[in-house]
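[1] Kindly return the folded structure for what I paste below:
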Amino acid sequence: MSTNKMQVEIWSDVMCPFCYIGKRHFETALGKFTDNQQVEITWKSFQLDPTLPEKEELDHEQYLTERKGLPKEQVKSLLGHVSQSAKQAGLDYHFEKVVTVNSFNAHRLIQMAKTKGLGDAAEERLFSAYFTEGHDIADRETLTKLGKEIGLTEEDVNEALTSEVYAGKVNRDIYEAQQIGVRGVPFFVFDRKYAVSGAQPPEAFTETLDRAFAEWRKANPAPALEITEGPSCTPDGSCS
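    Numbers count the residues shown, from 1 in each chain. Next comes the predicted model:
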């Protein structure tokens with residue numbers, strides 16, 4: 001991570017519907033934030049259900065009713081509500097297509113992507129693959145295809161899924177979440193001082209960005225140079 005930008009760390013799981021919605025809400029706030037070029041985002045791994053198998057056994061409704069013990073009618077109402085919230089954020093969820101599998105391999109891919117500056121691209125592609133397109137995010141062939149779409153090579157993806165380095169990075173993020181008290185995702189941490197839990201509306205992120213950045217800027221003032229002017233050229237092509 002850079003030291004000359006304010007850090008925002010986001011704990012997230014690819015199989016979390018509110019994490020994708022929260023991503024959109026945060027992006028809306030960040031897009032309107034004047035100093036957004038001075039903010040660096042780091043995605044962190046979290047697993048909502050590490051006991052899930054790598055091979056599909058249940059569809060998403062069955063998963064919530066049989067494994068989580070929720071009444072069927074409550075599940076239908078819940079998924080309808082989440083789909084509507086997603087639509088309001090500009091997302092198109094298809095829970096009937098969702099392949100409910102363990103997300104650990106997807107997190108390994110994200111950790112590899114982060115080393116190439118592609119962490120956000122990996123999160124976005126995997127969210128869309130899971131909630132909109134119904135791809136199997138535990139399947140290695142699928143992850144290779146998705147990884148190549150964002151700019152990784154087949155060798156990169158293979159390394160991500162076989163090297164203990166990236167598995168270790170996933171586990172360290174999960175352990176760190178436990179240490180700082182993360183009980184659910186999405187969980188946004190601003191400059192290790194403030195946190196926003198859940199898919200809050202953009203206004204909540206704007207308020208926290210303003211407060212955290214003001215304190216960060218006070219502690220990290222922009223360089224104030226004393227400039228002696230002379231003949232020069234500017235990027236717009238003018239010289240004087």
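[2] Could you give me the buried positions within the lowest-mean-pLDDT helix or strand in the chain?
    The least trusted helix or strand in the chain, going by mean pLDDT, DSSP states H and E, turns out to be helix 60-62, with a mean of 94. Going by neighbour count (16 or more other CB atoms under 10 Å), the buried part of helix 60-62 is 60-61. (C-beta placed from N, C-alpha, C; glycine too.)
[3] Which residues does stretch 117-124 contact?
    With CB atoms under 8 Å, 6 or more residues apart in numbering as the test, stretch 117-124 has contacts from 12, 14, 23, 41-43, 109-110, 113-114, 147, 150-152.
[4] Now flag whichever of these is closest to Arg125.
    If you rank the contacts of stretch 117-124 by distance to Arg125 using CB to CB, Ile150 comes first, at 5.3 Å.
[5] I figured the closest one hits Arg125, correct?
    Yes. Counting by CB atoms under 8 Å, Ile150 touches Arg125, with 5.3 Å between them.
[6] How far off centre is stretch 131-142?
    Centre-to-centre, stretch 131-142 and its host chain are 17 Å apart (CA atoms, centre = their mean, to the nearest Å).
[7] for stretch 78-90, same thing?
    Counting by CA atoms, centre = their mean, stretch 78-90 comes out at 18 Å from the chain centroid.
[8] before we move on, the earlier item: name the residues of the helix or strand following the least confident helix or strand of the chain that are buried.
    Following helix 60-62 in sequence order, the next helix or strand is helix 72-88 (DSSP states H and E). Within helix 72-88, the residues that count as buried by 16+ other CB under 10 Å are 75, 78-79, 82-83, 85-86.
[9] can I get those in CSV with distance to Cys233 and pLDDT?
    Shown next, in CSV, are these (distance: CB to CB, whole Å; pLDDT from 0 to 100):
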residue, distance to Cys233, pLDDT
Val75, 64, 96
Leu78, 60, 96
Leu79, 59, 97
Val82, 54, 98
Ser83, 54, 98
Ser85, 51, 98
Ala86, 49, 98
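[10] Residue ranges in the protein under the pLDDT threshold?
    1-3, 224-226, 236 (pLDDT under 70).
[11] In it, mark out all the strands, start to finish.
    6-12, 39-45, 187-190, 194-197 (DSSP state E).
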